[in-house]
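Enquirer: kindly generate the corresponding structure for this input.
(one chain, ligands or ions: 1)
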Amino acid sequence: MNTVGHFINGKMIAEENQTQPVYNPATGEVTKQVALASTKTIDQAIAAAKSAFPKWSKTPPIKRTKIMFKFRELLIENADEICRLIGEEHGKIIHDARGELQRGIENVEYACGAPELLKGEHSRNVGTDIDSWSEFHPLGVVAGITPFNFPVMVPLWMFPMAIVCGNTFVLKPSERDPSAIMFVAKLLQEAGLPNGVFNIVNGDKTSVDAILHHSDIEAVSFVGSTPIAEYIYTTASAQGKRCQALGGAKNHAIVMPDADLDNVVTSLLGAAFGSSGERCMALSVAVAVGDDTADKIIASLKPAIEKLRIGIHSDEDNDFGPVITGAHKSKILGHIQSALDQGAELVIDGSKAAPAGYEEGFFVGPTLIDRVTKKMDSYKAEIFGPVLQVIRVQTMEEAVQLINEHEYGNGTCIYTRDGEAARYFIDNIQVGMVGVNIPLPVPIASQSFGGWKRSLFGDLSIYGPDGVRFFTRRKTITQRWPSAKLREEKQFSMPT
Ligand code: NAD
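Expert: Numbering: from 1, shown residues only. Prediction:
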C-alpha cells in the first residue's frame with residue numbers, strides 16, 4: 001500500500017515508522033497510509049527552509065512572481081488530476097473540487113501582483129531635506145497548518161503569498177487528505193521554485209507541536225477547528241511567533257417575511273448541503289422571522305431536499321458526497337439525535353441515507369430540523385455536516401441578537417427585499433463576513449477572509465491585503481542628506 005511521505009528540499013521523503021490510514025470516504029476503504037513526521041523530520045524541513053531563505057529573500061519580487069505565473073498555468077493544466085485526488089480522499093464531487101481549486105488559483109493570481117503589493121509607502125520632505133519610507137520585509141521561515149475540508153484551497157490561501165513576499169514555507173496539511181497538495185508541490189517545483197523554499201511535512205499533533213516550539217519558525221498561519229485554533233494561537237504567541245488562527249463557525253441566514261423565497265430555497269440548498277456541509281462558511285441555521293415565513297420555507301425546502309443526490313465524487317450528477325470519516329459521521333448523527341432529544345422536530349432524516357453500492361461509505365443524507373432553540377446543544381455546536389436547522393423568531397432585532405450571542409462569528413447573511421432591513425443588519429451584526437441575498441459571502445482574493453469572535457484568533461485576516469501584512473514586517477527608513485547649512489545646526493529638543 002502506498003505511503004504518502006513528505007516534500008522536503010525538493011525531494012519526496014518516505015517515513016514508514018509512524019503512519020495513519022487514509023480513507024476513500026465513499027467506500028470506507030483504506031486506500032493509503034500517510035506518514036506522521038517525527039520531530040527530527042520537522043527539524044529537517046525547517047532547516048531546508050532556513051537555508052533557502054537568504055537567497056530567496058533577496059530574489060527580486062518580479063522574479064519570484066514569474067514562478068507564480070508559471071505555477072498558475074500548471075494548476076490549470078493539471079486541474080483534472082488535482083480534483084480527482086481531492087475527490088478520492090475528501091469525497092467532494094468533482095464540480096465542487098473544481099470550485100475549490102478555482103478559488104485557490106485566484107489567490108495565486110493575487111500573489112502574482114507582488115511587485116505592486118510590496119512597493120511600500122513613501123513620504124517626501126517629511127522635514128527639511130528628509131524623506132521617509134516604509135518597506136515590507138519577509139519574516140523568514142513561516143508555517144501553515146491546514147484542515148481537511150479544503151485540502152488545496154486553504155494551503156493556497158497561505159503559501160503563494162508567503163513565498164512571493166520572500167519567505168520560505170513549511171506546510172503541515174491535514175493528515176486525512178494529503179495527496180492533492182503533495183501533487184501541487186511537484187507543480188510548484190516544475191514552475192521553477194528553488195528547492196527548500198516550499199516544504200510539506202505530513203503529520204499529527206506531534207508535528208504541529210514541533211513546529212510551534214521551533215525557534216526558527218517566525219510565524220504560523222492556521223485554519224481548523226476552534227479548540228485547536230485557540231491552542232495554536234496561545235502556544236505560538238507564547239513562543240513569540242506571529243500567529244493567525246482561523247477557527248470554526250455557525251453561520252446563520254436570516255429569512256425576512258418579504259424575502260424572495262425561490263432565491264432563499266435554491267441558495268440555502270447549496271449553502272447548507274454543498275460539500276456535505278463541511279465548509280466553514282456553510283449555512284447551517286435558517287432564522288425565520290415569523291412562523292409564516294418558517295412554514296413557507298420548510299414547505300418549499302422539503303421537496304427540493306428530497307430530490308438531492310448523494311454519492312461518489314466522480315459522478316457529476318451527484319450534489320454532494322460522503323463526510324470525511326466514520327468518526328465524523330457518528331458525531332453528526334449524535335448532534336441530530338441530541339436535537340430530537342431536546343425537543344426539536346425532524347423534518348427530513350438523513351441519518352440512514354446510503355447510496356446503493358456504497359453502504360460502507362461515510363454518508364449522511366441531507367437533514368432538516370425545525371423548531372430548534374438557542375438552548376439546544378446541536379445549536380451551540382458546529383455540526384459540520386449536511387444538517388440545516390431552523391429557528392423561529394418574531395422580529396429581525398431578535399434574529400440579530402441571537403446571532404450576536406453565538407460564540408462564533410464567521411459568516412452570515414440576510415434574505416430580504418428591504419434596503420433598510422439590510423442596512424440595519426450590516427450595521428449591527430457581530431460577524432466578520434456578511435451577505436445580503438448572498439448565501440456564502442466568501443471574500444474574493446483581493447479582499448481578506450476572516451471571522452469575528454471565536455472564529456479567528458489574531459489581528460489579521462487571511463489572504464488579500466491582510467495576507468501581505470501577515471507575511472511581512474515593516475521597516476521604516478528616515479533619511480537626510482544634509483545641506484552644508486543644516487550640518488551646523490545643533491538640536492536638543494525632540495525633532496518635529
Ligand atoms: P482540525 O482542527 O481537526 O485540524 C486542523 C489542523 O490541525 C490539521 O492539520 C490537524 O492535523 C491539526 N490538529 C488537529 N488536532 C490537533 C491538536 N490536538 N494539536 C495540534 N494540531 C492539531 O480541523 P479539521 O477537522 O481538519 O477541519 C474542520 C474545521 O476547520 C472546522 O471547524 C471548520 O470550521 C474549520 N475551518 C475553518 C475555516 C476558516 O477559515 N475559519 C476554513 C476551513 C475550515
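Enquirer: pLDDT score for Q491?
Expert: Here, the pLDDT recorded for Q491 equals 78.
Enquirer: for A339, same thing?
Expert: 97.
Enquirer: how many residues are close by it?
Expert: Neighbours of A339 under the rule other Cβ atoms under 10 Å: 25. The way it works is simple: take the backbone N, C-alpha and C, and place the C-beta from them, glycine included.
Enquirer: please name the nearest non-neighbouring residue to it.
Expert: S378 (3.9 Å; Cβ to Cβ, 6 or more residues apart in numbering).
Enquirer: in stretch 403-423, what counts as buried?
Expert: Under the neighbour-count criterion of 16 or more other Cβ atoms under 10 Å, stretch 403-423 has 403, 406, 408-416, 421-422 buried.
Enquirer: mind checking the end-to-end distance for that stretch?
Expert: The first and last residues of stretch 403-423 sit 16 Å apart, counting by Cα to Cα, to the nearest Å.
Enquirer: distance from the chain centre to that stretch, please.
Expert: 21 Å (Cα atoms, centre = their mean, to the nearest Å).
Enquirer: ok, now stretch 14-25?
Expert: 24 Å.
Enquirer: hmm, that stretch in reach of the ligand?
Expert: No - using Cβ under 6 Å from any ligand atom, we find that stretch 14-25 stays clear of the ligand, coming within 10.0 Å at best.
Enquirer: can you list the residues of the chain near the ligand?
Expert: Counting by Cβ under 6 Å from any ligand atom, the residues of the chain that sit close to the ligand are 145-150, 154, 172, 174-175, 204-205, 208, 223-225, 228, 231, 246-249, 280, 382, 384, 410, 451, 455.
Enquirer: 5 Å - rerun?
Expert: Contact residues, the chain versus the ligand (Cβ under 5 Å from any ligand atom): 145, 147-148, 174, 205, 208, 223-225, 228, 246, 248-249, 280.
Enquirer: now the buried members of those residues.
Expert: 145, 147-148, 174, 208, 223-225, 228, 246, 248-249, 280.
Enquirer: taking these together, which two end up most distant?
Expert: Between any two of these, the greatest separation by Cβ to Cβ is 21.1 Å, found for V208 and A249.
Enquirer: I'd say N107 and A445 touch.
Expert: Yes - assessed by Cβ atoms under 8 Å, N107 is found in contact with A445 at 4.8 Å.
Enquirer: comparing those two, which residue is more hemmed in?
Expert: N107 (26 against 23).
Enquirer: where does that one fall, secondary structure wise?
Expert: helix 94-111 (DSSP states H and E).
Enquirer: contacts for that helix?
Expert: The set of residues external to helix 94-111 that reach it, using Cβ atoms under 8 Å, 6 or more residues apart in numbering, is 65, 68, 71-72, 75-76, 79, 82-84, 86-87, 90, 92, 150, 152-153, 155-157, 160-161, 163-164, 274-275, 313-314, 316, 320, 442, 444-446, 463-464.
Enquirer: out of the residues you listed, which are inside helices?
Expert: Per DSSP state H, helices hold the following members of these: 65, 68, 71-72, 75-76, 79, 82-84, 86-87, 90, 153, 155-157, 160-161, 163-164, 464.
Enquirer: burial count for the residue nearest to F69 when sequence neighbours are not counted?
Expert: Excluding the flanking residues, the one nearest F69 by Cβ to Cβ, 6+ apart is C112, at 5.6 Å. For C112, the count of nearby residues is 20 (other Cβ under 10 Å).
Enquirer: so C112 sits against T65, correct?
Expert: Yes - counting by Cβ under 8 Å, T65 is a contact partner of C112 at 5.0 Å.
Enquirer: and for those two, which residues touch both?
Expert: With Cβ under 8 Å, 6+ apart, C112 and T65 have common neighbours V164.
Enquirer: need the contact list for the residue in the stretch 51-200 of the chain that the ligand sits nearest to.
Expert: Distances between the stretch 51-200 of the chain and the ligand by Cβ to the nearest ligand atom are smallest at P147, namely 3.0 Å. The contact partners of P147, by Cβ under 8 Å, 6+ apart, come to V154, S174, V223, G224, S225.
Enquirer: perfect, I'm done here.
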